[in-house]
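In: structure of the sequence below:
(one chain, ligands or ions: 1)
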Amino acid sequence: MNDDGLTAASLATLANKRILLGMTGGIAAYKCAELTRLLTRAGADVRVVMTTAATEFITPLTMQALSGHRVHLDLLDVDAEAGMGHIELARWPDLIVVAPASADFLARMVGGQAGDLLTTLLLASRAPVVLAPAMNQAMWLNPATQDNLLKLRDRGCHIAGPASGSQACGDTGPGRMLEPADIADACAGLFVPGLLNGLHLTITAGPTREAIDPVRFISNHSSGKMGYALATEAVQAGARVTLISGPVNLPVPDRVHCIAVTTAQEMLDASLLSADNSDVFIGVAAVADYRVSDTSDHKIKKTADTLQLNLVRNPDIIGTLAALEKRPLMVGFAAETQHIEQFGREKLQRKNLDLLFANDATATFNSDDICATALWGEHGSQTLGPANKNLVARQMLTLIAERVSAGQPDA
Ligand code: PMT
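Out: Residues are numbered from 1 along each chain as shown. A predicted model of the protein is given here:
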C-alpha cells in the first residue's frame, strides 16, 4: 500500500495507461476529484467526460485542474471536435470507468442510447468498461436496476461496488459509491501486468551533432531505429520511457516522453536529470566522441587547401552515470567493426556496466535489422538475432528485466 491507499501492483499497472473517466450526476461525483488525483499520481493519463447532470455536483474546472486536460462535455461541440473528436476520444482509452454511474445512466446504457457524449463514447469504444454505481439504496435494489446490471455484466462490463452504509439522502443500505482507492484498484486489476511494469527506463538514441561552424557539424550514421524500437517495446511491456534523442527522422513512439538534444553535452545533461529517477538507463546513442574545441561563429571560408580542426573529448555519458553512487541498472551498446565480442566485453568492464549489447557496426547503423551479442558479468553471453530491431528489442528487454529482478548480480 502507498500513501494513497493503492497497492504497489496497482501503482505499477496504472503507469502510462490511458483512462477515460465518465462522470454522471450524483452526490458521489465529488469523490472523482480524489479518484482522478490517485490515477494521475499513479502515472495514468486521465481524460474526463461529464454529463450535464455531473456538472451540477462538481465543476469541470476542478476536474480539468486535476486531470491536466480540458474536460469533454458535449457531443456536438465544434471546438472539441476540432481537437480530439468523439470517435477519436472513443478510440483513445485503454479503459473507461464510469463513476458515479447513476441508475438513469445504467438504464440508458442498456438501451444503447447515444443522446450525449458519454453514452456515445461507450457505444463507439472497444475499451473495457468499469462501472461504479452510486444511487439511493431503494433505487439500487429495484428490480429494474438489478436487471440492467445483469445485462451490462453479461455484455462484459465490470461492476465495481457499490458499498453499503449510510447515504447522503439519510437512508442506510447498498448504493454508496466505492472509495476512490478501491475503484482505482478495480481499474488496475483489469490490466495484464507487463514484463517491465512500473519501471522507468531512460534510453538515449540516435547520433549527436557537434558544430564546426553555423552550417557544418561532426556526426555519424545512427538513424535512431534501435533506440526507438527499444522505447516502443518497453512501453508495450508496461514501462514508463524517457527517450533522449539526437537528431533523427523518426516519429516519437506513442506514450514515450521524448527529449530532443543535439550535442553530447546536452545528452549528458538530460541523462543526468532523467537517470536520477530511472530504474534502467540504456545508452543506445552513437555519441560523437569528440567535439570541436573552438567552434567558429561564422561560416568557415574555403580559402586554404587544408583545414585543421582542434578536437576535444566529449564527456562519457554512460561512464559518468555508471560512476554515480545511486545509479540505475546500466545497459550499454557497442558497435564494433572487428573483435566484436572481445571489444564489447572490454567496454562492459571499463564503463562499469551491468549489460552490454555488442553489434557489428557495418551491419547495424541505419539498418532495420540487428544481430547482437548480449554480454554481462565475467562470462554471461547470448546471441540475439539477426532479426528486425523491434523483435530483438523485445529479447533485449527480457534480459534487462531478468537483471532488474536479479538485483544486478554477476553471471
Ligand atoms: O541508430 P541505429 O541506426 O539503429 O544504429 C544502432 C547503433 C549502431 C547506433 C546501436 O546499435 C549502437 O551500437 N550504439 C552504440 C554505438 C557505439 O559504438 O557506441 P560507443 O562504442 O562509442 O560507446 C559505447 C557505449 O557508451 C554506448 O552505450 C554509447 O551510447 C556510450 N557512450 C559513448 C560515448 C560517449 N561519449 N558517451 C556514451 O555514453
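
In: contact residues of this protein facing the ligand?
Out: Applying Cβ under 6 Å from any ligand atom, one finds that the chain approaches the ligand through 204, 206, 222-226, 264, 283-287, 289, 314, 316-318, 332-335, 347, 359, 364-366. Glycine gets a C-beta too; all of them are placed from N, C-alpha and C.

In: now with 5 Å, please.
Out: 222-226, 283, 285-287, 314, 316-318, 332-335, 359, 364-366 (Cβ under 5 Å from any ligand atom).

In: list only those of the residues you listed flagged as buried.
Out: 222-226, 283, 285-287, 314, 316-318, 332-335, 359, 364-365 (16 or more other Cβ atoms under 10 Å).

In: filter those residues down to the ones in helices?
Out: 225, 226, 317, 318, 364 (DSSP state H).

In: state the mean pLDDT of stretch 207-218.
Out: Mean pLDDT, stretch 207-218: 98.

In: try stretch 334-348
Out: Averaged over stretch 334-348, pLDDT sits at 97.

In: now do stretch 60-70
Out: 97.

In: ditto for stretch 391-411
Out: Mean pLDDT, stretch 391-411: 86.

In: buried residues in it?
Out: 391, 392, 393, 394, 395, 396, 397, 399, 400, 401, 403, 404.

In: tabulate these (a markdown table), appending secondary structure.
Out: Formatted as a markdown table, these follow (DSSP: H, G, I helix; E, B strand; the rest coil):
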| residue | secondary structure |
| --- | --- |
| 391 | helix |
| 392 | helix |
| 393 | helix |
| 394 | helix |
| 395 | helix |
| 396 | helix |
| 397 | helix |
| 399 | helix |
| 400 | helix |
| 401 | helix |
| 403 | helix |
| 404 | helix |
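
In: would you turn those into JSON lines with distance to residue 13?
Out: Formatted as JSON lines, the buried residues of stretch 391-411 follow (distance: Cβ to Cβ, whole Å):
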{"residue": "391", "distance to residue 13": "25"}
{"residue": "392", "distance to residue 13": "26"}
{"residue": "393", "distance to residue 13": "22"}
{"residue": "394", "distance to residue 13": "20"}
{"residue": "395", "distance to residue 13": "23"}
{"residue": "396", "distance to residue 13": "23"}
{"residue": "397", "distance to residue 13": "17"}
{"residue": "399", "distance to residue 13": "23"}
{"residue": "400", "distance to residue 13": "19"}
{"residue": "401", "distance to residue 13": "15"}
{"residue": "403", "distance to residue 13": "22"}
{"residue": "404", "distance to residue 13": "17"}
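
In: care to break this structure down by domain?
Out: 8-188, 200-405 (automatic domain parsing).

In: and the residue of the stretch 1-150 of the chain found nearest the ligand, what does it touch?
Out: Closest to the ligand within the stretch 1-150 of the chain is residue 16: 23.7 Å, counting by Cβ to the nearest ligand atom. Counting by Cβ atoms under 8 Å, 6 or more residues apart in numbering, residue 16 touches 43, 44, 45, 235, 238, 239, 240, 255.

In: same deal with residue 401?
Out: Shown in contact with residue 401 (Cβ under 8 Å, 6+ apart): 195, 196, 237.

In: picking that back up, mind putting the domains of the chain into JSON lines with distance to residue 2?
Out: Output for the domains of the chain, formatted as JSON lines (distance: least, Cβ to Cβ, whole Å):
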{"stretch": "domain 8-188", "distance to residue 2": "6"}
{"stretch": "domain 200-405", "distance to residue 2": "16"}
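
In: can you show me the helices along the stretch 101-250 of the chain?
Out: Secondary structure of the stretch 101-250 of the chain, counting by DSSP state H, counting those that start in this stretch: helices at 103-110, 117-124, 137-141, 143-154, 180-188, 225-236.

In: so which of these is the most surrounded?
Out: helix 225-236 (a mean of 26; mean count of other Cβ atoms under 10 Å).

In: quick one: mean pLDDT over that helix.
Out: Here the average pLDDT along helix 225-236 is 97.

In: so which elements touch that helix?
Out: Here helix 225-236 touches strand 200-205, strand 240-245, helix 389-405, going by 3 or more Cβ pairs under 8 Å, 6 or more residues apart in numbering; DSSP states H and E.

In: which one of these lies closest to residue 107?
Out: Nearest of those to residue 107, taken as Cβ to Cβ: strand 240-245 at 39.2 Å.

In: in the helix or strand following that closest one, what counts as buried?
Out: Next helix or strand after strand 240-245 toward the C-terminus (DSSP states H and E): strand 257-260. Using 16+ other Cβ under 10 Å as the test for burial, strand 257-260 gives 258, 259.

In: check which helices and strands strand 257-260 sits against.
Out: Strand 257-260 packs on strand 240-245, going by 3+ Cβ pairs under 8 Å, 6+ apart.

In: how about the CA coordinates for the strand it packs on, as PDB?
Out: Output of strand 240-245 as PDB, limited to C-alpha atoms (Å, rounded to 0.1, in the frame of the first residue of the first chain):
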ATOM      1  CA  ARG A 240       7.400   4.500 -18.500                       C
ATOM      2  CA  VAL A 241      10.000   5.600 -21.000                       C
ATOM      3  CA  THR A 242      12.100   8.800 -21.400                       C
ATOM      4  CA  LEU A 243      13.800   8.900 -24.700                       C
ATOM      5  CA  ILE A 244      16.700  11.300 -25.100                       C
ATOM      6  CA  SER A 245      17.100  11.600 -28.800                       C
END
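
In: quick one, it and helix 225-236 angle?
Out: Angle between the axes of strand 240-245 and helix 225-236 is 170 degrees (criterion: axes from the mean of the first three to the mean of the last three Cα atoms, to 10 degrees).

In: quick one, phi psi at residue 15?
Out: phi -60, psi 130 (degrees, to the nearest 10).

In: now do the contacts for it.
Out: Residues near residue 15 by Cβ under 8 Å, 6+ apart: 42, 43, 44, 197, 198, 238, 240.

In: leaving out the residues flanking it, which one is nearest to the second one?
Out: The shortest distance from residue 43 to any residue that is not its chain neighbour, by Cβ to Cβ, 6 or more residues apart in numbering, is 3.3 Å, and that residue is residue 15.

In: how much space between the one you found and residue 303?
Out: Going from residue 15 to residue 303 by Cβ to Cβ, to the nearest Å gives 57 Å.

In: how about residue 105?
Out: Separation of residue 105 from residue 303 (Cβ to Cβ) stands at 78 Å.
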